Structures are given as structure tokens and as C-alpha cells.
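> The following comprises the amino acid sequence and a computationally predicted model.
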Amino acid sequence: MYALDILAWDVFFALSMLFAAPVFGTGRLEKAVRVLMVASGVLSLAGLAGVPLADMGIRNPGILGYVGVSLVIFPLLAVVFGRARQAPEETG
């Protein structure tokens, strides 16, 4: 179970943040989301260093990445998507 937890959060969550980050970037809020997503992904990947060393203290940056930073990202994403939904549709 521990291995699945590490795989899910420190690998797949980190990769999802890093791959989704480039989508955002036109406005100030979107740039903030992009930067926070990159930070979250990098911190989550950094948590992998604690696995071979069997040191939970070294895994703490990963936990900060997928818990702490994501708690800021997800409400910001709600605002970004809410604004996109209210924007008039582009034609062309």
C-alpha cells in the first residue's frame, strides 16, 4: 500500500501538475496557477528522494507539494474555470 501511495502522489500527481501547467499562462491569475503547479510538481517529485533513504523527513517536501500547494491551486483553478465559463464564446 505504501508503494501505491508513493506512486500515486509522488509520481503521478507530480507529473499531472507538470504536464498541466503549460496550459495556463495568458493572465496574471493563470500565470500564478502555472507557477504553483510547477512548484507542486517539483516538490512532489522531490519527495521521492526519501524513499530509497527510508527517511520520512526527506519525504516532507513531497507532502508539501501535493497537500500544501494544491490547497492553493485548486481554489484558484475554480476561479480560472469559472471565468472561462462566463467569457463569451469565440467565433472563427
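That came through, no problem.
> Rounded mean pLDDT for the strand or helix carrying Leu76, please.
In this structure, Leu76 sits in helix 70-86 according to DSSP states H and E. For helix 70-86, mean pLDDT is 93.
> What are the contacting residues of it?
Met17, Phe24, Leu29, Glu30, Ala32, Val33, Leu36, Met37, Ser40 (Cβ atoms under 8 Å, 6 or more residues apart in numbering). All C-beta spots, glycine's among them, are computed from the backbone N, C-alpha and C.
> Recalculate using a threshold of 7 Å.
Phe24, Leu29, Glu30, Ala32, Val33, Leu36, Met37, Ser40 (Cβ atoms under 7 Å, 6 or more residues apart in numbering).
> okay, now the fifth one: neighbour count?
Burial of Val33, expressed as a neighbour count using other Cβ atoms under 10 Å, amounts to 23.
> Apart from its chain neighbours, what residue comes closest to it?
Distances taken as Cβ to Cβ, 6 or more residues apart in numbering place Phe24 nearest to Val33, at 4.6 Å, with adjacent residues excluded.
> how about the one you found, what does it touch?
Glu30, Val33, Arg34, Val80.
> so how far is the helix holding Leu76 from its chain's centroid?
Relative to its chain's centre, helix 70-86 lies at 13 Å (Cα atoms, centre = their mean, to the nearest Å).
> what do you get for stretch 20-40?
So, by Cα atoms, centre = their mean, the centroid of stretch 20-40 is 10 Å from its chain's centroid.
> The helix with the most length in the chain to helix 70-86, inter-axis angle?
Looking across the chain with DSSP state H, the single longest helix is helix 28-46. Orientation check (axes from the mean of the first three to the mean of the last three Cα atoms, to 10 degrees): helix 28-46 against helix 70-86 gives 140 degrees.
> tell me which residues in the helix or strand following helix 28-46 are buried?
Next helix or strand after helix 28-46 toward the C-terminus (DSSP H and E): helix 50-53. Within helix 50-53, the residues that count as buried by 16 or more other Cβ atoms under 10 Å are Gly50, Val51.
> Right, I'll leave it there.
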